[in-house]
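Asker: predicted structure and sequence below. I'll ask about it afterward.
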Amino acid sequence: MENEALKQAFRNLHAKITKNVTPDSVIDELVSKRIISDKDFCDLRQSQDATNRCRDLFALLYSSSHPETFIQLREALLLDKYHEIVHEIDKQLTELSAQQSQQQQQQQRHPSQSTDGKLLSAACNCAWRRSVLLLTGIGDSYLGYNTFARWRASKDSNFVTVLLLLLLLL
């Protein structure tokens with residue numbers, strides 16, 4: 001399990017967890033694993049209300065740079081008999097993983113929407129311009145594109161007709 005994916009799953013279930021978890025034993029477990037420092041432990045113990053203590057714990061954990069913060073939090077919840085919440089977190093992980101793989105598949109099917117596809121899109125756009133220039137008979141002039149732009153901007157041109165013709169040919 002990746003820590004960042006778990007972090008996202010915990011964020012998605014933040015409200016439910018803060019309402020249903022009494023964080024004392026979880027905090028103790030995270031202190032023993034050196035996820036929470038002694039100073040932070042003392043700060044967390046200041047709050048009398050379990051819900052606020054849980055909120056403070058999550059605020060601390062979301063800003064943590066420890067590479068296993070949420071992995072250890074998940075394990076602490078399992079030790080503290082919060083199996084239902086861990087099950088929901090695992091379900092969130094499955095959904096997040098499915099969303100990521102779906103996005104990757106879409107990017108593979110539609111490369112013009114990915115960063116690599118920008119190059120492909122630019123090449124197609126350039127080829128389209130060249131085709132229009134050649135079909136209109138101005139593609140072989142030295143200033144072909146500038147001539148094309150002037151032709152397109154002129155009021156007597158039939159630019160729309162040429163574009164429709166090209167679309168029919170494609």
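Answerer: Looks like it arrived, so ask away. Numbering: from 1, shown residues only.

Asker: remind me, longest helix of the chain?
Answerer: Secondary structure of the chain per DSSP state H: the longest helix is helix 83-109.

Asker: so for it, what's the average pLDDT?
Answerer: Helix 83-109 shows a mean pLDDT of 87.

Asker: list the helices and strands that helix packs on?
Answerer: Counting contacts by 3 or more C-beta pairs under 8 Å, 6 or more residues apart in numbering; DSSP states H and E, helix 83-109 packs against helix 3-12, helix 14-20, helix 69-79. For every residue, glycine as well, the C-beta is placed using N, CA and C.

Asker: run the last query once more with 7 Å
Answerer: Contacts defined by 3 or more C-beta pairs under 7 Å, 6 or more residues apart in numbering; DSSP states H and E place helix 83-109 against helix 3-12, helix 69-79.

Asker: mean neighbour count, those helices: which tops it?
Answerer: Of all the helices and strands packed on helix 83-109, helix 69-79 carries the top mean neighbour count, a mean of 19, counting by mean count of other C-beta atoms under 10 Å.

Asker: can you list the domains in the protein?
Answerer: Per the record, the chain has its domains at 3-109, 116-169, by automatic domain parsing.

Asker: mean pLDDT lowest where, among the ones you listed?
Answerer: In terms of average pLDDT, domain 116-169 trails the rest of the domains of the chain, at a mean of 52.

Asker: with distance to V86 added, can I get the helices and strands packed on helix 83-109 in a markdown table?
Answerer: Output for the helices and strands packed on helix 83-109, formatted as a markdown table (distance: least, C-beta to C-beta, whole Å):
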| stretch | distance to V86 |
| --- | --- |
| helix 3-12 | 10 |
| helix 69-79 | 5 |
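
Asker: between those, which one is closest to S101.
Answerer: Nearest to S101, of all those, is helix 3-12, at 12.4 Å by C-beta to C-beta.

Asker: on that earlier part again, the longest helix of the chain to helix 3-12, inter-axis angle?
Answerer: 120 degrees (axes from the mean of the first three to the mean of the last three C-alpha atoms, to 10 degrees).

Asker: any idea of the angle helix 83-109 forms with helix 69-79?
Answerer: With the same axes, to 10 degrees defining the directions, helix 83-109 sits at 140 degrees from helix 69-79.

Asker: for helix 83-109, list every residue counted as buried.
Answerer: Buried residues in helix 83-109, counted by 16 or more other C-beta atoms under 10 Å: 85-86, 88-89, 92-93, 96.

Asker: now the residues you listed in JSON lines, with distance to E29?
Answerer: Listed next are those as JSON lines, based on distance: C-beta to C-beta, whole Å:
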{"residue": "I85", "distance to E29": "15"}
{"residue": "V86", "distance to E29": "13"}
{"residue": "E88", "distance to E29": "19"}
{"residue": "I89", "distance to E29": "16"}
{"residue": "Q92", "distance to E29": "21"}
{"residue": "L93", "distance to E29": "20"}
{"residue": "L96", "distance to E29": "25"}
